[in-house]
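Visitor: Sharing a model that was predicted from the sequence below.
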Amino acid sequence: LGSIPVGLAAAGWTHVGDPDSVDGYIVDAYQNSSASSNEKMFLVTTPSGATYQYTHTLVSGELYNNSFDAISPDEQWMIAGEWGTMSHLQIYPTPLLNPTTSQVGGTLDLSGYIQLDHQVNDIQGCDFVNAAKLICASDDSSETLFSNDKPLLEVDLSAPLSNGDVTGHVVDLGSIPQESVCSGTFEVEGVDYDSSSGTLRVEVIQPSVCDILTTFYT
């Protein structure tokens, strides 16, 4: 709760999805407190600490949720996700880093979609392994789309991102671990891949009164 600046909270931005960073630039995915909102926002913090807001107006059929963002290895493109059952992920030019975007904040339009060959549900975060491969964390426990609880998913792209659509082949890698002294419902959160070390991390909020604890599985 204390991570959201007072001015942003007062403007209705009360939820931050799983962020990403590159070369000292941090992009936070902000969601409005109201489901009737027609906007979502990406806040860029530069290495010097300056911040710029980029607001995206929802297109027809788009949900207001802003669950995560992930920046492509070439730094020019950014993907983001909604909530619920989806057949796509969104593609944007990376705000500030892609020269087609304003250097002082402003509006941000969709560039295209990753069209998935298998539906996914409640994606809480994705990160790039390379230019054509993503790892995504799903908080789905229904076992209706995949045969296991809270699956870790690989998305193999038909091509590196550019200004337009690509397809994505979804592979179920298995369940994300859920371990706690407390019983109840866990919540899968963000995912991070460190290309310099080859280290993958997934974070999971523990259930019940243990929800003050977040476990990082490496």
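Guide: Here it is on my side, so go on.

Visitor: make it CA atoms for all contacts and neighbour counts henceforth
Guide: Fine.

Visitor: State the phi and psi torsions of Asn38.
Guide: phi -110, psi 20 (degrees, to the nearest 10).

Visitor: Find the nearest non-adjacent residue to it, please.
Guide: Once flanking residues are discounted, Asn38 sits nearest to Leu58: 5.3 Å by Cα to Cα, 6 or more residues apart in numbering.

Visitor: Determine the number of other residues adjacent to the one you found.
Guide: Residues within reach of Leu58, counting by other Cα atoms under 10 Å, total 15.

Visitor: For Ile91, see how far away the most centrally placed residue in the chain is.
Guide: For the chain, the residue sitting closest to the mean C-alpha position, by Cα atoms, centre = their mean, is Phe68 at 1.9 Å. Phe68 sits 12 Å away from Ile91, taking Cα to Cα, to the nearest Å as the criterion.

Visitor: Could you do His118 as well?
Guide: Applying Cα to Cα to His118 and Ile91 gives a distance of 18 Å.

Visitor: ditto for Val44
Guide: In terms of Cα to Cα, Val44 sits 16 Å off from Ile91.

Visitor: With Val6 instead?
Guide: With Cα to Cα as the criterion, Val6 and Ile91 are 29 Å apart.

Visitor: Looking at those two, which has the bigger crowd around it?
Guide: More crowded of Val6 and Ile91, by other Cα under 10 Å: Ile91, with 26 against 11.

Visitor: Quick check, that one in contact with Gln76.
Guide: No: under the criterion of Cα atoms under 8 Å, Ile91 makes no contact with Gln76, lying 10.5 Å away.

Visitor: quick revisit: common neighbours of Phe68 and Ile91, please.
Guide: Ala80 (Cα atoms under 8 Å, 6 or more residues apart in numbering).

Visitor: which parts of stretch 21-31 are buried?
Guide: For stretch 21-31, the neighbour count (16 or more other Cα atoms under 10 Å) marks Ser21, Val22, Tyr25, Ile26, Val27, Asp28, Ala29, Tyr30, Gln31 as buried.

Visitor: Can you check the pLDDT for the last one?
Guide: Predicted confidence (pLDDT) for Gln31: 97.

Visitor: That one pairs with what?
Guide: On the basis of DSSP bridges, Gln31 is bridged to His15.

Visitor: Let me see the contact set for it.
Guide: By Cα under 8 Å, 6+ apart, the residues touching Gln31 are Trp13, Thr14, His15, Val16, Gly17, Lys40, Met41, Tyr64, Asn65, Asn66, Ser67.

Visitor: Could you tell me which residues make contact with the third one?
Guide: Yep, that's His15 we're talking about. Counted by Cα under 8 Å, 6+ apart, His15 has contacts Ile4, Tyr30, Gln31, Asn32, Ser33.

Visitor: so which of the residues you listed would you say is closest to Thr218?
Guide: Tyr30 (26.2 Å; Cα to Cα).

Visitor: okay but the closest one is in contact with Phe42, surely?
Guide: Yes: between Tyr30 and Phe42 there is a contact under Cα under 8 Å: 5.8 Å.

Visitor: hang on, the earlier thing: now do the residue nearest to the centre of the chain against Gln76, distance only.
Guide: Distance of Phe68 to Gln76, given as Cα to Cα: 17 Å.
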